[in-house]
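Colleague: give me coordinates for this.
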Amino acid sequence: MTHEEREAAQTEAFKVGLGHTHTKGPWTLKTVKTVCGLCHKIGPFPSNRLGQETHACLYVDYPAGAEFNKNEAEVLANANLITAAPDLLAALEATKYAIQCAITLRSTFGGNVGGGVDIFKEAESKLEAAIAKARGGQS
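Modeller: Coordinates of the predicted model:
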């Protein structure tokens with residue numbers, strides 16, 4: 001296969017892939033030292049090589065002084081947020097469903113309806129876990 005054919009195939013695969021969903025979670029975050037700084041590894045994600053995994057990395061180079069600490073903290077916060085993305089999506093979906101149920105119950109029966117509290121507690125639990133993970137805590 002020529003270079004041009006390979007590029008065309010990759011472009012077509014990318015177009016087809018636009019309809020696919022994200023890699024299912026949970027995603028993990030691991031910080032590793034590199035030759036010139038730190039890498040916040042997020043994943044794992046499927047690789048182009050069958051049977052192997054890959055990771056997305058956010059890098060922080062080693063500059064000197066307080067600016068490094070500020071930049072490193074911000075990049076780590078961003079890495080935590082990216083890592084939490086599947087959990088945040090699930091929490092939002094659960095909340096949306098809970099709200100839809102509440103709206104349906106209220107419109108059907110009017111007022112406060114008992115028995116629907118569990119769905120709100122489940123949604124709240126998922127939201128709390130996802131927010132904690134996005135802020136760098138454990139879920």
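
Colleague: wait, residue 25 touches residue 88, no?
Modeller: No - taking CB atoms under 8 Å as the definition, residue 25 is not a contact partner of residue 88, at 9.6 Å. In short, each C-beta sits where N, CA and C put it, glycine included.

Colleague: which helix runs longest in the protein?
Modeller: Longest helix in the chain by number of residues (criterion: DSSP state H): helix 85-109.

Colleague: list the buried residues for the helix or strand that it is followed by?
Modeller: Heading C-terminal from helix 85-109, the first helix or strand you meet, by DSSP states H and E, is helix 117-134. Residues of helix 117-134 classed as buried: 119, 123, 126-127, 129-130, 133-134 (neighbour count, 16 or more other CB atoms under 10 Å).

Colleague: got the angle between the longest helix of the chain and helix 117-134?
Modeller: With axes from the mean of the first three to the mean of the last three CA atoms, to 10 degrees applied, the angle from helix 85-109 to helix 117-134 works out at 160 degrees.

Colleague: and residue 41, bridged to which residues?
Modeller: residue 30, residue 57 (DSSP bridges).

Colleague: what does the longest helix of the chain contact?
Modeller: Residues from elsewhere that reach helix 85-109, judged by CB atoms under 8 Å, 6 or more residues apart in numbering: 22-27, 113, 116, 119-120, 122-123, 126-127, 129-131, 133-134, 139.

Colleague: now stretch 42-62
Modeller: Residues contacting stretch 42-62 (CB under 8 Å, 6+ apart): 23, 27-29, 34, 36-41, 68, 71-72, 75-76, 78-79, 82-83.
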